[in-house]
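>>> Structure for this input, please:
(2 chains)
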Amino acid sequence: MNRQRVLAGGAGTLLVVLALVPLVVNTYYLALGISLLYFAVLASAWAQFSGATRYISLATVAFFGVGAYTVGVLGESLPWPLVLAVAAVIGVTLALVVGLSTLRLSGIYFVIFSFGLSELIRQLVTWYEVNIHKSVGRYIFIEISQAQIYWQLLALAALVLLTGWLIGRSRLGLALRVIGEDEVVARHAGIDTTKAKLTMFAISSLFMTLTGAVLAPRWTYIDPTIAFNPMLSFEVVIMALFGGAGALFGPILGVIPFVLLFELLSANFPNYFSILLGLVFMVIVYALPHGVIGLVQARLPKTPPRPVPPRPVEVRAAGARLEISGLRKSFGGLVAVDNVTFDVAPGQIAGLIGPNGSGKTTVLNLISGALPADAGAVLCDGQAITGLGAHRIARLGIARTFQLVRVLEGLTVVENVAVGLTFRRDPLPGAEVEVVARGLLTRVGLADKADQTAAQFTYIDQKRLELARALALDPRVLLLDEWLAGLNRAELEQGIALIRSLREAGLTIILVEHVMDAIRSLCDRCIVMNAGMKIADGTPAAVLADREVLRAYLGEADA
Amino acid sequence: MLVVDIVLTGLIIGGIYSLIALGLTLQYGVARIMNLSYGEFLVAAALIAFSLYTGMALSPLIGILIVVPTAFALNWLVFELLLTPLVRRARHRDMLEVDSILATFGMLFVIQGVALIIFGGQYFSYSYLSIPVSVLGSALAVNRLVALAFATVIGIAIYLALTRTRTGTAIRAVAVDPVSAQLVAIDVRRASAFAYALGGALVAAAGVLVSMFLTFHASMGVEFTMKALIVVIMGGVGNMLGALVAGFLLGIGETAVARLLDPGLTLAATYALFLAVLLIRPTGLFGRSTH
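Predicted coordinates:
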């Protein structure tokens, strides 16, 4: 608490000092201060969305320009606060429309889309101005002094950092980090990824729009090439990445040297500006992939974690009944799951077995909502869950692990588990999260490794961690996709004992598995699949003696 | 005959777009490099063709023989020296994509800056084979027809090389799965470098062809990069036939908007078309949905 109060006091003092700057400096330094501030707001706002989620957006200038143009059009007819409010509404509306339609695009598609969006808006505004307004540019005559612009930007900068700090400590902040690490895991850990991304995109865009609006009176004349200059989007990206997009103050560490550099380059080498800028950019990409803040953080002494006594957590679950009927899924011409029907009773372990490519993992993907089914229904305790998003299915208490292990390497081990505790149906209050997370880690045998990073983990430990994350959802049904594969003899025995103890706790479990020993000793019954269809259903002993099952596994001749 | 006009002009532009997109498919689909400076190489080739023609009276059809091998060598060097460190560093594909976007973005400014210093910011065009001929009742300049013929020949040659030769098969294997390709003794790094360089050679060829009939300037590279990306993504990444069809679609669509609506709206129409395709079919018109 004390440290926080000191920090808050320091930030307040700094704010007052910065607010006094326009009273003492000349116009040159005031202009420089304005440049520093507006880039600080833009880069911080950009990093709060793109740094966390790793959706690289090149649409900064689209929002900035929309803000500036709102002032250009309405600046003289409405009072100033109302102009800002209108700009904010337009910016957020645009962000929501764009976000809703594009945030499901990933990687490269999103980058290109965001760039295309800025260009599209610029083209449309240009066309409108030329053909309807009959003049490319607009004059802005608003009585606002440079000092007033400075103060407004300073307020925006303080607000954007405060927002970032609050989000960093909130559920939204954790959700965004998990999305940046692995969006599939995020969805299966109960995170409504669309909502999280959209919220952050809108907040970030709001700040960008307001920056454009506040800054517009600085130019007395604007036209689309000034307001929608694509260079701005890129400059913001460079600054944020150079400083470090993952930390609150990182982008500002990039803004300061770059604004000074731009100033120096454009004053002394105006003809070589873009070459030098490009070279600096490349040097950053090669030499400083984690930004300045990465260097700083790497040198800082690490504070040792507070020792929290591990307390094993009782896993008590009311296992649910799972009813699957007529499930079907095809990929193009290939029918991966064809009319599969089976029930799993509460507290039962059902093995889902079959040769490779028979559709077992697809069945798990259909149950957990990773893929939409073409036909059929999945009922969990009588409630239809087909068609629900993966995060809603996870919140209903259907947890899963992945065939190819997916741990969140950028998060601590405790945080990996905390994700499930935070986003499940009845989220734990913040204070209890760490204790329970450590308890669950103890439960799966990771008590002494809770403070390591998951990136150093061995294969079995990664699998344990995945299981702890699944258990954190307080599940009623657990879907294990080859959780025992690749373990050695001793690990296998531990793993089998662990799964058995989960059944004893009451969980319903579906086990996709190839390890026959595990199937024999764990499963109450087995469903055998081949070529997308269910070919046998019964006790392990019965199905493993079935002629058709043998034929599926071993081929015609051996059966 | 407005319709014939639009279709013919659109086909010629579309043919060039397809050629540009084919090069980008090679760079992005095989070498996994998202090259934002791609269009700068086109503009550089156009500027060089211009200087060869006006300065040394060298026909662009001979110029192409100089420009293309140079571009191939230069791009090979770029891949080996600048991009290989990023490939080595990348832990997974997404990381390489982001890194390559950022690095080639820096490259964009360097190339553009150099071009601006040498050539300045004005518009360039030259008159070569601009003799009108009548095709199906509409007048076309010979240089456009020559450009289309060249683009077609180069496109077919590349297609055959990729589908009928050992190297071509290796390149396609790397495009599908770089990890498995190693298992059948394909030198993935060499195949990637080759594909990247070939992509650079194709875009340089397109630059020379474009210079014969378009007015261009040193800072219009981004426009071509965007169009190439639009065609590649619309056609489905890694799908050569898709890129071909999408290229022609874009060319005809653009020409139609320019003729029927307003020339000022062509770029807007392009982006609108592209955004619409992305939203409806994120994997492209002919892209296969992944599991």
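>>> if you skip the residues just before and after it, what's nearest to residue B:50?
Distances taken as CB to CB, 6 or more residues apart in numbering or on different chains place residue B:124 nearest to residue B:50, at 5.2 Å, with adjacent residues excluded. C-beta coordinates here come from the backbone N, C-alpha and C atoms, glycine included.
>>> what's the one you found in contact with, if anything?
B:46, B:47, B:50, B:211, B:215, B:216, B:217 (CB atoms under 8 Å, 6 or more residues apart in numbering or on different chains).
>>> Let's see that with 10 Å instead.
B:43, B:46-47, B:49-51, B:54, B:211, B:214-218 (CB atoms under 10 Å, 6 or more residues apart in numbering or on different chains).
>>> and if you look at residue A:30?
With CB under 10 Å, 6+ apart, residue A:30 has these contacts: A:21, A:22, A:23, A:24, A:145, A:146, A:147, A:149, A:150.
>>> among those residues, which ones are buried?
Among the contacts of residue A:30, those classed as buried by 16 or more other CB atoms under 10 Å in any protein chain shown are A:21, A:22, A:147, A:149, A:150.
>>> Out of the residues you listed, which comes closest to chain B?
Nearest to chain B among those: residue A:149, at 28.8 Å, using CB to the nearest CB.
>>> so how far is residue A:34 from the closest one?
6 Å (CB to CB, to the nearest Å).
>>> Could you dump the buried ones among the contacts of residue A:30 into JSON lines and include pLDDT?
Converted to JSON lines, those look like this (pLDDT from 0 to 100):
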{"residue": "A:21", "pLDDT": "86"}
{"residue": "A:22", "pLDDT": "87"}
{"residue": "A:147", "pLDDT": "91"}
{"residue": "A:149", "pLDDT": "93"}
{"residue": "A:150", "pLDDT": "94"}
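>>> ok, which pair from those residues is furthest apart?
A:21 and A:149 (12.6 Å; CB to CB).
>>> shared neighbours of these two, which are they?
A:30, A:33, A:37.
>>> Look up the pLDDT of the residue nearest to residue B:50 for me, please.
The per-residue pLDDT reported for residue B:124 equals 86.
>>> right, and the helix or strand after the helix or strand containing residue A:296?
For residue A:296, the host element (DSSP states H and E) is helix A:291-299. Per DSSP H and E, the first helix or strand lying C-terminal to helix A:291-299 is strand A:322-331.
>>> in its sheet, what does the following helix or strand past that next one sit against?
The helix or strand immediately downstream of strand A:322-331 is strand A:334-344, counting by DSSP H and E. Applying DSSP bridges to the sheet, strand A:334-344 is found paired with strand A:322-331 (antiparallel).
>>> contacting residues for the nearest residue to residue A:102 once chain neighbours are set aside?
With sequence-adjacent residues excluded and distances taken as CB to CB, 6+ apart, residue A:102 is closest to residue A:113, at 5.2 Å. Contact analysis of residue A:113 by CB under 10 Å, 6+ apart lists A:57-59, A:98, A:101-103, A:105, A:120, B:233, B:271, B:274-275, B:278-279, B:282.
>>> mind redoing it with 7 Å?
Taking CB atoms under 7 Å, 6 or more residues apart in numbering or on different chains, we find residue A:113 in contact with A:102, A:105, B:275, B:278.
>>> Point me to the residue sitting farthest from the middle of chain B.
Largest separation from the mean C-alpha position in chain B: residue B:183, at 31.1 Å (CA atoms, centre = their mean).
>>> Chain A versus that one, what's the distance?
Here the distance between residue B:183 and chain A works out to 18 Å (CB to the nearest CB, to the nearest Å).
>>> separation between that residue and residue A:24?
69 Å.
>>> And residue A:457, by the same measure?
Residue A:457 is 55 Å from residue A:24, by CB to CB.
>>> What of residue B:233?
Distance of residue B:233 to residue A:24, given as CB to CB: 53 Å.
>>> And the strands in chain A?
A:138-139, A:221-222, A:322-331, A:334-344, A:349-353, A:375-380, A:383-384, A:398-400, A:477-481, A:508-512, A:525-530, A:533-538 (DSSP state E).
>>> Kindly reformat the contacts of residue A:113 as TSV containing distance to residue A:400 and neighbour count.
Formatted as TSV, these follow (distance: CB to CB, whole Å; neighbours: other CB atoms under 10 Å in any protein chain shown):
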residue	distance to residue A:400	neighbour count
A:102	28	23
A:105	25	18
B:275	34	19
B:278	30	22
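>>> Spell out which parts of the stretch 301-450 of chain A neighbour chain B.
A:331, A:332 (CB under 7 Å from any CB of the partner chain).
>>> The residue of the stretch 301-450 of chain A found nearest chain B: how many residues sit nearby?
Of all residues in the stretch 301-450 of chain A, residue A:331 sits closest to chain B, at 5.7 Å by CB to the nearest CB. As a burial measure, residue A:331 scores 15 neighbours (other CB atoms under 10 Å in any protein chain shown).
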